[in-house]
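Enquirer: Here is a sequence with its predicted model. Questions after.
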Amino acid sequence: MPAPENTRALVWFRRDLRDHDHAPLAAALANAATVYCAFVFDTDILDHLPDSQDRRVEFILGSLRELAAALQARGGELIVRHGRASEEIPALAGQLGVDTVYAGRDYEPAAKRRDAEVATALHEQGRRLVLLRDQVIFDGDAVLTQAGRPYTVFTPYKNAWLKRLTVVDYACADSSQGRLSSPPPELAEPLPTLADLGFVATDLAELGISPGMSGAQALWQAFRAGRMARYAQLRDFPAIKGVSYLSVHLRFGTLSLRELVREAVAQSGSPGADTWLSELIWRDFYFMILDRFPQVAERAFKPEYDAITWDDWPEGLAAWQQGRTGYPLVDAAMRQLLHSGWMHNRLRMVVASFLCKDLGIDWRHGEAWFARQLNDFDLAANNGGWQWAASSGCDAQPWFRIFNPVTQSEKFDAEGRFIRRYVPELARVPDKYLHAPWQLARRDQEALGVIIGRDYPAPIIDHAVAREKTLARYAVVKKGENNAPES
(Lines give C-alpha, C1' and ligand atoms only; values in the text may rest on other atoms or scores of the structure.)
Protein backbone atom coordinates (compact mmCIF):
# COMPACT_ATOMS: atom_id res chain seq x y z
CA MET A 1 0.00 0.00 0.00
CA PRO A 2 1.48 3.38 -0.97
CA ALA A 3 2.36 5.84 1.76
CA PRO A 4 -0.07 8.72 2.42
CA GLU A 5 0.49 11.53 -0.05
CA ASN A 6 1.45 14.17 2.50
CA THR A 7 4.08 12.13 4.42
CA ARG A 8 7.68 13.27 4.21
CA ALA A 9 10.89 11.64 5.44
CA LEU A 10 14.57 12.49 5.60
CA VAL A 11 17.20 9.75 5.34
CA TRP A 12 20.30 10.74 7.30
CA PHE A 13 23.29 8.95 5.83
CA ARG A 14 26.17 8.40 8.26
CA ARG A 15 28.36 5.30 8.00
CA ASP A 16 26.18 3.76 5.26
CA LEU A 17 27.27 5.51 2.06
CA ARG A 18 25.33 3.46 -0.49
CA ASP A 19 21.82 3.46 -1.93
CA HIS A 20 21.30 -0.32 -2.16
CA ASP A 21 20.46 -2.85 0.57
CA HIS A 22 20.02 0.10 2.92
CA ALA A 23 17.58 -0.36 5.81
CA PRO A 24 16.86 3.32 6.64
CA LEU A 25 16.35 4.22 2.98
CA ALA A 26 14.11 1.21 2.43
CA ALA A 27 11.99 2.13 5.48
CA ALA A 28 11.67 5.75 4.37
CA LEU A 29 10.58 4.75 0.87
CA ALA A 30 8.04 2.33 2.30
CA ASN A 31 6.52 4.83 4.74
CA ALA A 32 6.70 8.25 3.10
CA ALA A 33 5.56 9.68 -0.21
CA THR A 34 8.37 12.23 -0.28
CA VAL A 35 11.89 11.14 0.68
CA TYR A 36 14.88 13.45 1.01
CA CYS A 37 18.49 12.42 1.66
CA ALA A 38 21.22 14.20 3.64
CA PHE A 39 24.74 13.83 4.98
CA VAL A 40 26.46 16.02 7.56
CA PHE A 41 30.20 16.58 7.77
CA ASP A 42 30.01 16.71 11.55
CA THR A 43 32.35 19.29 13.04
CA ASP A 44 32.10 17.52 16.39
CA ILE A 45 34.18 14.83 14.65
CA LEU A 46 36.17 16.76 12.06
CA ASP A 47 37.38 19.43 14.47
CA HIS A 48 39.09 16.76 16.58
CA LEU A 49 41.04 15.14 13.76
CA PRO A 50 44.76 15.77 14.33
CA ASP A 51 45.76 16.45 10.72
CA SER A 52 44.28 18.36 7.79
CA GLN A 53 45.51 15.56 5.53
CA ASP A 54 43.20 12.70 6.45
CA ARG A 55 42.52 9.87 4.02
CA ARG A 56 39.23 9.08 5.72
CA VAL A 57 37.76 12.48 4.93
CA GLU A 58 38.85 12.15 1.32
CA PHE A 59 37.39 8.63 1.19
CA ILE A 60 34.06 9.89 2.54
CA LEU A 61 33.98 12.76 0.05
CA GLY A 62 34.74 10.44 -2.86
CA SER A 63 32.05 8.03 -1.69
CA LEU A 64 29.55 10.88 -1.38
CA ARG A 65 30.18 11.91 -4.99
CA GLU A 66 29.17 8.45 -6.13
CA LEU A 67 26.22 8.30 -3.74
CA ALA A 68 24.99 11.72 -4.90
CA ALA A 69 25.12 10.59 -8.54
CA ALA A 70 23.16 7.42 -7.69
CA LEU A 71 20.49 9.43 -5.86
CA GLN A 72 20.23 11.91 -8.74
CA ALA A 73 19.62 9.04 -11.14
CA ARG A 74 16.60 8.20 -8.99
CA GLY A 75 15.21 11.73 -9.00
CA GLY A 76 16.71 12.79 -5.69
CA GLU A 77 19.61 14.84 -4.46
CA LEU A 78 22.03 14.51 -1.59
CA ILE A 79 21.83 17.50 0.74
CA VAL A 80 25.24 18.00 2.35
CA ARG A 81 25.80 20.15 5.41
CA HIS A 82 28.95 21.08 7.32
CA GLY A 83 28.39 21.75 11.01
CA ARG A 84 27.24 20.06 14.21
CA ALA A 85 25.01 17.17 13.18
CA SER A 86 23.01 17.54 16.38
CA GLU A 87 21.99 21.00 15.15
CA GLU A 88 22.02 20.58 11.37
CA ILE A 89 19.65 17.60 11.19
CA PRO A 90 16.81 19.09 13.30
CA ALA A 91 17.17 22.37 11.41
CA LEU A 92 17.03 20.62 8.04
CA ALA A 93 14.07 18.49 9.14
CA GLY A 94 12.21 21.68 9.96
CA GLN A 95 13.10 23.35 6.67
CA LEU A 96 11.94 20.31 4.70
CA GLY A 97 8.82 19.78 6.81
CA VAL A 98 9.49 16.07 7.28
CA ASP A 99 7.63 13.88 9.73
CA THR A 100 10.41 11.37 10.36
CA VAL A 101 14.19 11.19 10.12
CA TYR A 102 15.53 7.71 9.39
CA ALA A 103 19.12 6.66 10.13
CA GLY A 104 21.19 3.59 10.85
CA ARG A 105 21.72 2.79 14.52
CA ASP A 106 25.19 3.61 15.89
CA TYR A 107 26.79 2.06 18.95
CA GLU A 108 29.60 4.40 19.94
CA PRO A 109 29.06 6.43 23.12
CA ALA A 110 29.50 9.82 21.43
CA ALA A 111 27.21 8.81 18.55
CA LYS A 112 24.52 7.63 20.97
CA ARG A 113 24.70 10.97 22.81
CA ARG A 114 24.43 12.83 19.49
CA ASP A 115 21.42 10.76 18.45
CA ALA A 116 19.73 11.38 21.78
CA GLU A 117 20.17 15.14 21.26
CA VAL A 118 18.75 14.91 17.74
CA ALA A 119 15.80 12.81 18.93
CA THR A 120 15.00 15.36 21.64
CA ALA A 121 15.22 18.30 19.25
CA LEU A 122 13.01 16.56 16.70
CA HIS A 123 10.48 15.58 19.36
CA GLU A 124 10.19 19.22 20.40
CA GLN A 125 9.29 20.01 16.77
CA GLY A 126 6.67 17.26 16.65
CA ARG A 127 8.89 14.99 14.56
CA ARG A 128 10.66 11.73 15.32
CA LEU A 129 13.98 9.96 14.81
CA VAL A 130 13.81 6.30 13.78
CA LEU A 131 17.07 4.35 14.13
CA LEU A 132 17.31 1.03 12.35
CA ARG A 133 19.77 -1.85 12.54
CA ASP A 134 21.91 -1.69 9.42
CA GLN A 135 25.64 -2.08 10.11
CA VAL A 136 25.33 -5.31 12.11
CA ILE A 137 23.24 -8.45 11.79
CA PHE A 138 22.13 -8.51 15.44
CA ASP A 139 22.04 -5.88 18.15
CA GLY A 140 20.08 -5.04 21.27
CA ASP A 141 18.59 -8.12 22.96
CA ALA A 142 18.73 -10.34 19.88
CA VAL A 143 21.59 -12.51 21.18
CA LEU A 144 21.63 -13.04 24.95
CA THR A 145 22.68 -15.78 27.35
CA GLN A 146 20.06 -18.08 28.89
CA ALA A 147 20.22 -15.76 31.90
CA GLY A 148 19.22 -12.84 29.68
CA ARG A 149 22.59 -11.11 29.80
CA PRO A 150 25.01 -10.02 27.05
CA TYR A 151 27.67 -12.55 26.15
CA THR A 152 31.22 -11.70 27.15
CA VAL A 153 32.92 -14.75 25.60
CA PHE A 154 33.06 -14.99 21.83
CA THR A 155 32.55 -18.69 21.10
CA PRO A 156 29.25 -19.03 23.01
CA TYR A 157 28.16 -15.74 21.41
CA LYS A 158 29.05 -17.05 17.97
CA ASN A 159 27.15 -20.30 18.56
CA ALA A 160 24.08 -18.39 19.76
CA TRP A 161 24.43 -15.94 16.84
CA LEU A 162 24.46 -18.79 14.33
CA LYS A 163 21.56 -20.56 16.02
CA ARG A 164 19.53 -17.33 15.97
CA LEU A 165 20.31 -16.55 12.32
CA THR A 166 17.52 -16.87 9.75
CA VAL A 167 17.22 -15.80 6.14
CA VAL A 168 15.23 -12.77 7.27
CA ASP A 169 18.19 -11.43 9.26
CA TYR A 170 20.42 -11.09 6.22
CA ALA A 171 17.80 -10.55 3.54
CA CYS A 172 18.34 -7.54 1.30
CA ALA A 173 16.73 -4.35 2.62
CA ASP A 174 15.25 -3.38 -0.73
CA SER A 175 15.91 0.34 -1.08
CA SER A 176 15.66 0.33 -4.87
CA GLN A 177 11.87 0.79 -5.07
CA GLY A 178 10.35 4.27 -5.11
CA ARG A 179 11.38 7.66 -6.35
CA LEU A 180 13.42 10.10 -4.31
CA SER A 181 12.78 13.83 -4.08
CA SER A 182 14.94 16.88 -4.60
CA PRO A 183 14.90 19.63 -1.98
CA PRO A 184 13.82 23.19 -2.74
CA PRO A 185 16.58 25.04 -4.67
CA GLU A 186 17.45 27.23 -1.69
CA LEU A 187 18.40 24.13 0.32
CA ALA A 188 20.49 22.50 -2.40
CA GLU A 189 24.20 23.20 -2.46
CA PRO A 190 27.05 21.66 -4.45
CA LEU A 191 29.14 19.00 -2.77
CA PRO A 192 31.94 20.69 -0.81
CA THR A 193 35.58 20.33 -1.72
CA LEU A 194 38.25 19.16 0.68
CA ALA A 195 39.38 22.78 0.96
CA ASP A 196 35.84 23.85 1.88
CA LEU A 197 36.02 21.39 4.77
CA GLY A 198 39.47 22.57 5.85
CA PHE A 199 41.34 19.53 4.54
CA VAL A 200 43.93 18.88 1.84
CA ALA A 201 44.36 16.06 -0.66
CA THR A 202 46.03 12.80 0.37
CA ASP A 203 47.65 9.90 -1.45
CA LEU A 204 44.43 7.87 -1.55
CA ALA A 205 44.53 7.42 -5.33
CA GLU A 206 48.26 6.62 -5.37
CA LEU A 207 47.61 3.87 -2.85
CA GLY A 208 45.00 2.39 -5.17
CA ILE A 209 42.13 2.94 -2.73
CA SER A 210 38.90 3.50 -4.66
CA PRO A 211 36.10 4.95 -2.53
CA GLY A 212 32.42 4.49 -3.01
CA MET A 213 30.12 1.65 -3.96
CA SER A 214 32.07 0.83 -7.12
CA GLY A 215 35.34 0.56 -5.20
CA ALA A 216 33.68 -1.72 -2.67
CA GLN A 217 32.13 -3.96 -5.31
CA ALA A 218 35.39 -4.35 -7.22
CA LEU A 219 37.14 -5.65 -4.09
CA TRP A 220 34.19 -7.75 -2.98
CA GLN A 221 33.70 -9.50 -6.31
CA ALA A 222 37.42 -10.32 -6.54
CA PHE A 223 37.39 -11.78 -3.03
CA ARG A 224 34.13 -13.77 -3.25
CA ALA A 225 34.97 -15.26 -6.62
CA GLY A 226 38.47 -16.41 -5.72
CA ARG A 227 40.07 -15.78 -2.35
CA MET A 228 37.13 -16.51 -0.03
CA ALA A 229 37.52 -20.25 -0.65
CA ARG A 230 41.16 -20.05 0.51
CA TYR A 231 40.65 -17.46 3.23
CA ALA A 232 41.25 -19.87 6.11
CA GLN A 233 44.58 -20.96 4.59
CA LEU A 234 45.91 -17.56 3.55
CA ARG A 235 44.58 -14.97 5.98
CA ASP A 236 47.54 -15.02 8.41
CA PHE A 237 50.30 -14.31 5.90
CA PRO A 238 50.84 -10.60 5.21
CA ALA A 239 52.95 -11.11 2.06
CA ILE A 240 50.10 -13.05 0.43
CA LYS A 241 46.96 -11.50 -1.02
CA GLY A 242 44.68 -13.57 1.15
CA VAL A 243 42.26 -11.18 2.86
CA SER A 244 39.36 -9.13 1.50
CA TYR A 245 40.72 -5.57 2.01
CA LEU A 246 37.11 -4.52 2.59
CA SER A 247 37.53 -3.07 6.08
CA VAL A 248 37.40 0.59 5.07
CA HIS A 249 34.31 -0.09 2.95
CA LEU A 250 32.61 -1.87 5.85
CA ARG A 251 33.57 1.04 8.08
CA PHE A 252 31.85 3.60 5.88
CA GLY A 253 29.10 1.34 4.60
CA THR A 254 29.83 1.52 0.89
CA LEU A 255 28.65 -2.08 0.78
CA SER A 256 26.16 -3.95 2.91
CA LEU A 257 27.18 -6.36 5.64
CA ARG A 258 24.09 -8.38 4.79
CA GLU A 259 25.44 -8.96 1.29
CA LEU A 260 28.66 -10.39 2.73
CA VAL A 261 26.78 -12.66 5.13
CA ARG A 262 24.47 -13.89 2.35
CA GLU A 263 27.47 -15.03 0.34
CA ALA A 264 29.22 -16.61 3.33
CA VAL A 265 26.06 -18.55 4.18
CA ALA A 266 25.67 -19.58 0.54
CA GLN A 267 29.17 -21.05 0.65
CA SER A 268 28.64 -22.60 4.10
CA GLY A 269 30.69 -25.72 4.64
CA SER A 270 33.71 -24.28 2.91
CA PRO A 271 36.48 -23.65 5.49
CA GLY A 272 37.20 -20.31 3.87
CA ALA A 273 33.60 -19.09 3.93
CA ASP A 274 33.03 -20.37 7.47
CA THR A 275 36.16 -18.62 8.73
CA TRP A 276 35.16 -15.44 6.91
CA LEU A 277 31.70 -15.55 8.51
CA SER A 278 33.32 -16.05 11.90
CA GLU A 279 35.30 -12.84 11.38
CA LEU A 280 32.08 -10.99 10.54
CA ILE A 281 30.56 -12.35 13.76
CA TRP A 282 33.58 -11.02 15.70
CA ARG A 283 32.64 -7.61 14.26
CA ASP A 284 29.08 -7.92 15.61
CA PHE A 285 30.49 -9.12 18.94
CA TYR A 286 32.69 -6.05 19.41
CA PHE A 287 29.83 -3.71 18.48
CA MET A 288 27.69 -5.46 21.08
CA ILE A 289 30.39 -5.13 23.72
CA LEU A 290 30.82 -1.41 23.07
CA ASP A 291 27.06 -0.89 23.09
CA ARG A 292 26.43 -2.79 26.31
CA PHE A 293 29.68 -1.95 28.13
CA PRO A 294 30.50 1.61 26.96
CA GLN A 295 33.11 2.00 29.71
CA VAL A 296 35.52 -0.02 27.55
CA ALA A 297 36.09 3.10 25.44
CA GLU A 298 38.17 4.47 28.32
CA ARG A 299 38.83 1.66 30.78
CA ALA A 300 39.65 -2.02 30.85
CA PHE A 301 36.71 -4.34 30.34
CA LYS A 302 38.06 -6.32 33.29
CA PRO A 303 38.36 -3.63 36.02
CA GLU A 304 41.20 -5.42 37.80
CA TYR A 305 43.43 -4.79 34.78
CA ASP A 306 43.32 -1.05 35.44
CA ALA A 307 45.56 -1.80 38.43
CA ILE A 308 48.48 -2.60 36.11
CA THR A 309 51.34 -0.12 36.29
CA TRP A 310 52.58 0.66 32.79
CA ASP A 311 55.95 2.14 31.90
CA ASP A 312 56.19 5.79 30.94
CA TRP A 313 58.57 5.44 28.01
CA PRO A 314 58.07 8.13 25.33
CA GLU A 315 61.16 7.03 23.40
CA GLY A 316 59.91 3.44 23.26
CA LEU A 317 56.49 4.57 22.10
CA ALA A 318 58.02 6.75 19.38
CA ALA A 319 60.25 3.91 18.17
CA TRP A 320 57.23 1.64 17.95
CA GLN A 321 55.17 4.27 16.12
CA GLN A 322 57.89 4.89 13.54
CA GLY A 323 58.88 1.25 13.00
CA ARG A 324 62.32 1.55 14.60
CA THR A 325 62.20 -1.12 17.33
CA GLY A 326 64.85 -3.43 15.86
CA TYR A 327 62.33 -6.26 15.43
CA PRO A 328 61.83 -6.56 11.65
CA LEU A 329 58.24 -7.85 11.53
CA VAL A 330 57.06 -5.25 14.04
CA ASP A 331 58.85 -2.49 12.17
CA ALA A 332 57.57 -3.61 8.77
CA ALA A 333 54.00 -3.64 10.09
CA MET A 334 54.28 -0.20 11.66
CA ARG A 335 55.82 1.23 8.50
CA GLN A 336 53.02 -0.32 6.45
CA LEU A 337 50.57 1.54 8.68
CA LEU A 338 52.42 4.84 8.24
CA HIS A 339 52.67 4.34 4.48
CA SER A 340 49.16 3.15 3.71
CA GLY A 341 46.84 3.62 6.69
CA TRP A 342 46.22 -0.11 6.75
CA MET A 343 47.69 -3.12 8.53
CA HIS A 344 47.15 -6.84 8.13
CA ASN A 345 45.12 -8.29 11.01
CA ARG A 346 47.77 -10.82 12.07
CA LEU A 347 50.24 -7.95 12.33
CA ARG A 348 47.81 -5.83 14.35
CA MET A 349 47.93 -8.58 16.97
CA VAL A 350 51.73 -8.85 16.82
CA VAL A 351 52.45 -5.13 17.18
CA ALA A 352 49.83 -4.70 19.89
CA SER A 353 51.30 -7.51 21.94
CA PHE A 354 54.76 -6.03 21.41
CA LEU A 355 53.72 -2.60 22.68
CA CYS A 356 51.96 -3.90 25.78
CA LYS A 357 53.96 -6.96 26.68
CA ASP A 358 57.46 -6.22 25.37
CA LEU A 359 57.65 -2.47 25.81
CA GLY A 360 55.32 -2.39 28.82
CA ILE A 361 53.38 0.59 27.46
CA ASP A 362 49.68 1.14 28.18
CA TRP A 363 47.45 -0.30 25.44
CA ARG A 364 45.55 2.99 25.29
CA HIS A 365 48.56 4.65 23.63
CA GLY A 366 48.50 2.03 20.91
CA GLU A 367 44.74 2.28 20.52
CA ALA A 368 45.04 6.05 20.09
CA TRP A 369 47.82 5.69 17.49
CA PHE A 370 45.76 3.23 15.47
CA ALA A 371 42.76 5.55 15.74
CA ARG A 372 44.85 8.29 14.21
CA GLN A 373 46.45 6.24 11.45
CA LEU A 374 43.93 3.61 10.31
CA ASN A 375 41.78 4.32 7.27
CA ASP A 376 39.34 1.72 8.61
CA PHE A 377 39.39 2.96 12.21
CA ASP A 378 36.32 1.75 14.03
CA LEU A 379 36.11 2.29 17.77
CA ALA A 380 34.45 -1.05 18.52
CA ALA A 381 36.90 -3.24 16.62
CA ASN A 382 39.96 -1.16 17.51
CA ASN A 383 39.18 -1.14 21.21
CA GLY A 384 38.26 -4.81 21.15
CA GLY A 385 41.49 -5.76 19.41
CA TRP A 386 43.70 -3.74 21.71
CA GLN A 387 42.04 -5.01 24.86
CA TRP A 388 42.35 -8.55 23.50
CA ALA A 389 46.10 -8.06 23.04
CA ALA A 390 46.50 -6.48 26.47
CA SER A 391 44.44 -9.31 28.03
CA SER A 392 42.17 -6.70 29.64
CA GLY A 393 39.18 -7.25 27.36
CA CYS A 394 36.38 -9.77 27.11
CA ASP A 395 37.51 -13.18 25.90
CA ALA A 396 41.06 -11.85 25.56
CA GLN A 397 44.21 -13.89 25.24
CA PRO A 398 45.46 -14.99 28.69
CA TRP A 399 47.72 -12.45 30.37
CA PHE A 400 50.63 -14.90 30.36
CA ARG A 401 50.42 -15.46 26.59
CA ILE A 402 53.05 -13.20 25.06
CA PHE A 403 53.71 -13.18 21.34
CA ASN A 404 57.37 -13.72 20.49
CA PRO A 405 58.05 -11.22 17.67
CA VAL A 406 60.81 -13.41 16.20
CA THR A 407 58.87 -16.67 16.09
CA GLN A 408 55.81 -14.84 14.78
CA SER A 409 58.01 -13.46 12.02
CA GLU A 410 59.46 -16.87 11.19
CA LYS A 411 56.01 -18.43 11.11
CA PHE A 412 54.05 -15.85 9.12
CA ASP A 413 56.72 -14.24 6.90
CA ALA A 414 59.21 -17.09 6.61
CA GLU A 415 60.77 -15.87 3.35
CA GLY A 416 60.78 -12.27 4.50
CA ARG A 417 58.82 -10.98 1.52
CA PHE A 418 56.74 -8.63 3.65
CA ILE A 419 59.70 -7.50 5.76
CA ARG A 420 61.87 -6.71 2.76
CA ARG A 421 59.11 -4.60 1.22
CA TYR A 422 58.80 -2.28 4.19
CA VAL A 423 62.27 -2.57 5.72
CA PRO A 424 64.42 -2.34 2.58
CA GLU A 425 67.62 -1.79 4.56
CA LEU A 426 67.43 -5.50 5.41
CA ALA A 427 66.88 -6.58 1.79
CA ARG A 428 70.24 -8.38 1.50
CA VAL A 429 70.06 -10.16 4.86
CA PRO A 430 69.64 -13.94 4.38
CA ASP A 431 66.34 -15.51 5.42
CA LYS A 432 68.11 -17.33 8.23
CA TYR A 433 68.96 -14.05 9.99
CA LEU A 434 66.26 -11.73 8.66
CA HIS A 435 63.92 -12.25 11.60
CA ALA A 436 66.67 -11.53 14.17
CA PRO A 437 69.39 -9.66 12.23
CA TRP A 438 71.33 -8.77 15.39
CA GLN A 439 72.47 -12.40 15.43
CA LEU A 440 74.59 -11.79 12.33
CA ALA A 441 78.31 -11.71 13.02
CA ARG A 442 79.84 -8.25 12.65
CA ARG A 443 81.90 -9.29 9.63
CA ASP A 444 78.74 -10.56 7.92
CA GLN A 445 76.97 -7.30 8.68
CA GLU A 446 79.84 -5.40 7.09
CA ALA A 447 79.83 -7.67 4.04
CA LEU A 448 76.09 -7.12 3.58
CA GLY A 449 76.36 -3.36 4.15
CA VAL A 450 73.92 -3.32 7.05
CA ILE A 451 75.39 -2.58 10.46
CA ILE A 452 72.93 -3.25 13.26
CA GLY A 453 72.72 -0.14 15.38
CA ARG A 454 73.72 2.09 12.46
CA ASP A 455 71.83 1.09 9.31
CA TYR A 456 69.04 -0.66 11.18
CA PRO A 457 68.27 -0.34 14.90
CA ALA A 458 69.47 -2.81 17.45
CA PRO A 459 66.58 -4.37 19.40
CA ILE A 460 65.05 -1.75 21.64
CA ILE A 461 64.48 -4.42 24.26
CA ASP A 462 65.40 -8.06 24.89
CA HIS A 463 62.25 -10.12 24.44
CA ALA A 464 63.20 -12.72 27.05
CA VAL A 465 63.85 -10.02 29.66
CA ALA A 466 60.68 -8.16 28.67
CA ARG A 467 58.65 -11.33 29.03
CA GLU A 468 59.73 -11.82 32.62
CA LYS A 469 58.95 -8.18 33.40
CA THR A 470 55.50 -8.58 31.88
CA LEU A 471 54.74 -11.68 33.92
CA ALA A 472 55.69 -9.70 37.02
CA ARG A 473 53.70 -6.65 35.84
CA TYR A 474 50.55 -8.73 35.40
CA ALA A 475 50.93 -10.38 38.81
CA VAL A 476 48.36 -7.90 40.15
CA VAL A 477 45.68 -9.74 38.18
CA LYS A 478 47.09 -13.24 38.53
CA LYS A 479 44.46 -15.76 39.55
CA GLY A 480 46.55 -18.85 39.93
CA GLU A 481 47.14 -19.72 36.28
CA ASN A 482 50.37 -21.50 35.46
CA ASN A 483 52.74 -19.75 33.11
CA ALA A 484 52.23 -20.92 29.55
CA PRO A 485 54.86 -21.03 26.82
CA GLU A 486 55.12 -18.27 24.25
CA SER A 487 53.25 -18.55 21.00
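Expert: Happy to help now that I have it. Numbers count the residues shown, from 1 in each chain.
Enquirer: count of neighbours near residue 201?
Expert: Residues near residue 201, counting by other C-beta atoms under 10 Å, number 12. Using the backbone N, CA and C atoms, a C-beta is placed for each residue, glycine as well.
Enquirer: Not counting sequence-adjacent ones, nearest residue to it?
Expert: Nearest residue to residue 201, sequence neighbours excluded (C-beta to C-beta, 6 or more residues apart in numbering): residue 194, at 6.1 Å.
Enquirer: cool, and residue 128?
Expert: Distances taken as C-beta to C-beta, 6+ apart place residue 100 nearest to residue 128, at 5.3 Å, with adjacent residues excluded.
Enquirer: The one you found and residue 28 touch, don't they?
Expert: Yes - using C-beta atoms under 8 Å, residue 100 makes contact with residue 28 at a distance of 7.5 Å.
Enquirer: When these two are compared, which one has more neighbours?
Expert: residue 28 (31 against 19).
Enquirer: joint contacts of residue 100 and residue 28?
Expert: Contact with both residue 100 and residue 28 is made by residues 9-10, according to C-beta atoms under 8 Å, 6 or more residues apart in numbering.
Enquirer: Give me the most central residue, the chain.
Expert: Centroid-nearest residue in the chain: residue 378, 3.6 Å away (criterion: C-alpha atoms, centre = their mean).
Enquirer: my guess is that one meets residue 249, correct?
Expert: No - contact criterion C-beta under 8 Å: residue 378 and residue 249 do not qualify, at 11.8 Å.
Enquirer: helix, strand or coil for residue 79?
Expert: strand (DSSP: H, G, I helix; E, B strand; the rest coil).
Enquirer: Other residues contacting stretch 343-353?
Expert: Stretch 343-353 is contacted from outside by 235-238, 243, 320, 329-330, 332-334, 336-337, 363, 366, 370, 374, 385-386, 388-390, 402-403, 405, 408, 412, using C-beta under 8 Å, 6+ apart.
Enquirer: same question, stretch 217-227
Expert: Stretch 217-227 has contacts (C-beta under 8 Å, 6+ apart) with 210, 234, 241-246, 249, 255, 259-260, 263, 272.
Enquirer: which among those gets closest to residue 471?
Expert: residue 243 (32.6 Å; C-beta to C-beta).
Enquirer: For the closest one, which non-adjacent residue is spatially closest?
Expert: Counting by C-beta to C-beta, 6+ apart, the residue nearest residue 243 is residue 235, at 5.5 Å.
Enquirer: That neighbour and residue 141, how far apart?
Expert: The gap separating residue 235 from residue 141 is 32 Å, by C-beta to C-beta, to the nearest Å.
Enquirer: Residue 232 now?
Expert: Here the criterion is C-beta to C-beta. By it, residue 232 lies 32 Å from residue 141.
Enquirer: and the biggest helix by length in the chain, how far from the chain's centre?
Expert: When the chain is scanned for its longest helix (criterion: DSSP state H), the result is helix 271-292. Helix 271-292 sits 12 Å away from the centroid of its parent chain (C-alpha atoms, centre = their mean, to the nearest Å).
Enquirer: So for that helix, what gets flagged as buried?
Expert: Neighbour-count burial for helix 271-292 flags 272-274, 276-278, 280-292 (criterion: 16 or more other C-beta atoms under 10 Å).
Enquirer: Tell me the helices and strands packed up against that helix.
Expert: helix 154-164, helix 231-234, helix 257-266, helix 379-389 (3 or more C-beta pairs under 8 Å, 6 or more residues apart in numbering; DSSP states H and E).
Enquirer: How is the protein divided into domains?
Expert: 1-134, 135-170+214-292, 303-477 (automatic domain parsing).
Enquirer: Report the separation between the two terminal residues of the shortest one.
Expert: Going back to what we said before, that points to domain 135-170+214-292. Domain 135-170+214-292 has an end-to-end distance of 16 Å (C-alpha to C-alpha, to the nearest Å).
Enquirer: In stretch 180-190, which of the residues would be classed as buried?
Expert: Buried, per 16+ other C-beta under 10 Å, within stretch 180-190: 180-183.
Enquirer: Can you give me the distance of residue 304 to residue 477?
Expert: Noted for residue 304: a distance of 5 Å to residue 477, by C-beta to C-beta.
Enquirer: Give the residue from the two that has the larger number of neighbours.
Expert: More neighbours surround residue 477 than the other of residue 304 and residue 477, with 18 against 12 (other C-beta under 10 Å).
Enquirer: Find me the pLDDT at the more buried one, would you?
Expert: Confidence at residue 477, expressed as pLDDT, is 87.
Enquirer: ditto for the one 3 residues further on
Expert: Per-residue confidence at residue 480 stands at 38 (pLDDT).
Enquirer: Can you check which of the helices and strands packed on helix 271-292 gets nearest to residue 90?
Expert: Distance to residue 90, taken as C-beta to C-beta, is lowest for helix 379-389 among those, at 24.8 Å.
Enquirer: mind listing the helices in the stretch 301-450 of the chain by residue range?
Expert: Listed from the start of the chain, the stretch 301-450 of the chain has helices (DSSP state H, counting those that start in this stretch) covering 314-322, 328-340, 345-353, 363-373, 379-389, 405-412, 417-422, 431-434, 442-448.
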